[in-house]
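Engineer: Model the structure of this input:
(chains A and B)
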Amino acid sequence: MTDVAVVGASMTEFGRREAWIRELLVEAGAACLEDATVPPEAVDHLYVANMASGEFEGQTGVSNALASDLGAVPAYTQRVDQTSASGGAGIYAAWQSVASGASELTLLVGGEKMTHRTTGESTDVIASLTHPVEYKHGLTLPSFAGLTARRYLERYDAPRESLARVAVKNHANGALNPHAQFQEEIDVETAMESPMVADPLRLYDFCPVTDGAAALLFCPADRAAEYADDYAVITGIAGATDTHVVHERAEPTRMSAVADAGRDTLQMAGRDPDDVDVAELHDMFTILEFLQMEALGFAPEGEAWRAVEAGRTDRDGELPVNTSGGLKSKGHPLGATGVAQGHEIYRQVTDTAGERGVGADVGLACNVGGFGNCVTVAVLEGR
Amino acid sequence: MEAYRYADGSVGHPGHPVGPDGDEPVGTVDLTDHTAEVVTWTVSHATPPGVREPNALAIVEFDVDGTGVRAIGQLTTADVEIGDEVRPVPCEELRDPSVCLREQESQSWDGYRFEPV
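Structural biologist: All right, here's what the predicted structure looks like:
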């Protein structure tokens, strides 16, 4: 199996954009090729990570459209949908294409256009991933977060403020990210007094609805120096699923797909959780940052809130988490998110993250679909 | 409110074509004959089209002959606490299917809400 390198990365501004899905994908894809000084016709495989362009915009066939719009015809194209984990699944697909020898140069572009819909409509598109029994009761992803957060706070006697501290930390990071949807710091009081959304979680416990796109360029590691002086190698990557019906899981606060994918990824990389210098976790809701830290072995079960309260996951802490601002502050254009997580880790391990840089050599990205239903984890290391 | 019993002795709701053991169901259990305990709950204030607002929801656990069976659904009231005892009460339409994304004919829309005992 061929070792795979990431030699280029880009992301558009995240937020409320006038551009539609095709324009967002082209913007990110072209910028990524430019980042590596590669012409579009050199691309062998082109993957588009996208959850729901048909449902949101009535535009399907986005991978073929992008190949045409970028000038990458006749590259093989494929759309990758794994709901909110489409971007991470796209990284996995891109990695497979190069590792297998099927492609010498693979471009992955993730994107979603959402803000033209009302919050209720966007919530419904996302909730359409649920089981019929969940859907008819009006279960949404935010309501799963409320159910799980209450359980976590009660089970581990964690203070409500600890969740607010996740939002405060990630907003502080996002304030340094010129691509983030929210580039403003907030305080605990603001988060704690914001409107209730899914009791006990409030507005600042949730990521926003976002338009945006991000891209990564992959090639065999032994050819990476042709494209970039500094690059990243994917030393570990894996995915896993959990039950479709969320309440069937033995313990609601345990994300077994994250644990399974994380264990396999670290094993492939020959790394322990302690070796990871920086992590991007899927903080669609603040509670998910706690649950992923615990499932990935960054904190003992029921103890992640203590690590956050102690500042261990701050940018100057021993394990900075979500230096990009996370989904919370950077935004969450569904199909783009996993790719944008990869973008941040690539920037961190190649020392090109600017003010957000933490001097990392080993970075981990964890992308979650549904409420932990499907997960991909990747470890990138700088070269 | 029908749960499925599988060959390995487990009971689950909703039913699936295969259970945790990979085998087909061997029988059903009517959960309306039982009460359940609230495992956790929330009240959703940002609901999608066709869903009541606010929407009080809970994960509950039934005790079926010593086997825990979890279910999820709407509550009749937001005035609950973890550990409260609830029972399922029928509801003809849990959500208005004429205004949501999913095709109306693709699934049922009736069911049960959980009411404190």
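Engineer: what's near enough to touch the residue nearest to residue B:47 when sequence neighbours are not counted?
Structural biologist: Counting by Cβ to Cβ, 6 or more residues apart in numbering or on different chains, residue B:53 is the residue found nearest to residue B:47 once chain neighbours are left out, at 4.5 Å. C-beta: built from backbone N, CA, C; applies to glycine. When contacts are counted by Cβ atoms under 8 Å, 6 or more residues apart in numbering or on different chains, residue B:53 touches B:44, B:45, B:46, B:47.
Engineer: Report the secondary structure element holding residue B:53.
Structural biologist: Secondary structure from DSSP states H and E places residue B:53 outside every helix and strand.
Engineer: and what of the one 5 residues further on?
Structural biologist: Residue B:58 belongs to strand B:55-64 when assigned by DSSP H and E.
Engineer: immediately after that strand, which helix or strand?
Structural biologist: If you walk from strand B:55-64 toward the C-terminus, the next helix or strand you reach (DSSP H and E) is strand B:67-74.
Engineer: so does that following strand get close to chain A?
Structural biologist: Yes - for strand B:67-74, a contact with chain A is found by Cβ under 8 Å from any Cβ of the partner chain, at B:70, B:71, B:72, B:73, B:74.
Engineer: what does chain A put close to chain B?
Structural biologist: Residues of chain A lying near chain B by Cβ under 8 Å from any Cβ: A:55, A:119-121, A:123-125, A:127-128, A:131-140, A:142-143, A:146-151, A:154, A:195-201, A:245-248, A:252.
Engineer: And the furthest pair within the contacts of residue B:53?
Structural biologist: For those, with distances taken as Cβ to Cβ, the pair at the greatest spread is B:45 and B:47 (7.5 Å).
Engineer: what sits against residue A:371?
Structural biologist: Residues in contact with residue A:371 (Cβ under 8 Å, 6+ apart) are A:141, A:144, A:145, A:148, A:246.
Engineer: Pick out whichever of residue B:45 and residue B:47 has more residues nearby.
Structural biologist: Between residue B:45 and residue B:47, counted using other Cβ atoms under 10 Å in any protein chain shown, the more crowded position is residue B:47 (21 against 18).
Engineer: Quick check: phi and psi on the nearest residue to residue A:275 once chain neighbours are set aside?
Structural biologist: Computed as Cβ to Cβ, 6+ apart, the closest residue to residue A:275 that is not its neighbour in sequence is residue A:362, at 5.5 Å. Dihedral angles of residue A:362 (phi, psi; degrees, to the nearest 10) stand at phi -120, psi 120.
Engineer: separation between residue A:362 and residue A:221?
Structural biologist: To residue A:221, residue A:362 is 16 Å away according to Cβ to Cβ, to the nearest Å.
Engineer: before we move on, what about residue A:288?
Structural biologist: Residue A:288 sits 32 Å away from residue A:221, going by Cβ to Cβ.
Engineer: cool, and residue A:263?
Structural biologist: Using Cβ to Cβ, one obtains 24 Å as the distance from residue A:263 to residue A:221.
Engineer: more crowded one of those two?
Structural biologist: Neighbour count, other Cβ under 10 Å: between residue A:263 and residue A:221, residue A:221 has more, with 21 against 17.
Engineer: Next, count neighbours for the closest residue to that one other than its chain neighbours.
Structural biologist: In space, and not counting its chain neighbours, residue A:221 is closest to residue A:3: 3.8 Å by Cβ to Cβ, 6+ apart. Counted with other Cβ under 10 Å, residues neighbouring residue A:3 total 13.
Engineer: how about residue A:3, what does it touch?
Structural biologist: Counting by Cβ under 8 Å, 6+ apart, residue A:3 touches A:99, A:220, A:221, A:222, A:233, A:234.
Engineer: The residue nearest to residue A:275 contacts residue A:279, doesn't it?
Structural biologist: No - contact criterion Cβ atoms under 8 Å: residue A:362 and residue A:279 do not qualify, at 9.7 Å.
Engineer: These two: which has the busier surroundings?
Structural biologist: More neighbours sit around residue A:279 than around the other of residue A:362 and residue A:279, counting by other Cβ under 10 Å; the figures are 29 against 20.
Engineer: hang on, that one in a helix?
Structural biologist: No - according to DSSP: H, G, I helix; E, B strand; the rest coil, the state of residue A:279 is strand, so it is not within a helix.
Engineer: got the contact list for it?
Structural biologist: Contact criterion Cβ under 8 Å, 6+ apart gives A:296, A:298, A:319, A:320, A:321, A:322, A:363, A:364, A:365, A:366 as the residues in contact with residue A:279.
Engineer: need the residues you listed in a markdown table with distance to residue B:19, neighbour count and pLDDT, can you?
Structural biologist: Formatted as a markdown table, those follow (distance: Cβ to Cβ, whole Å; neighbours: other Cβ atoms under 10 Å in any protein chain shown; pLDDT from 0 to 100):
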| residue | distance to residue B:19 | neighbour count | pLDDT |
| --- | --- | --- | --- |
| A:296 | 29 | 24 | 98 |
| A:298 | 34 | 23 | 98 |
| A:319 | 39 | 20 | 98 |
| A:320 | 43 | 24 | 98 |
| A:321 | 37 | 28 | 98 |
| A:322 | 38 | 26 | 98 |
| A:363 | 40 | 28 | 98 |
| A:364 | 34 | 29 | 98 |
| A:365 | 34 | 30 | 98 |
| A:366 | 29 | 28 | 98 |
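Engineer: Nearest residue to residue A:345 in space, please, no chain neighbours.
Structural biologist: residue A:363 (3.7 Å).
Engineer: circling back to that earlier point, just the buried subset of the residues of chain A next to chain B, written out for ChimeraX, thanks.
Structural biologist: Listed next is the ChimeraX selection for buried residues among the residues of chain A next to chain B, using 16 or more other Cβ atoms under 10 Å in any protein chain shown:
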select /A:55,120,121,123,124,125,127,128,131,133,134,135,136,137,138,139,140,142,143,146,147,148,149,150,151,154,196,197,198,199,200,201,245,246,247,248,252
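Engineer: Assign the closest residue in space to residue B:91 that isn't next to it in sequence to helix, strand or coil.
Structural biologist: Distances taken as Cβ to Cβ, 6+ apart put residue B:113 closest to residue B:91, at 5.1 Å, once the chain neighbours are dropped. Three-state secondary structure (criterion: three-state DSSP) places residue B:113 in strand.
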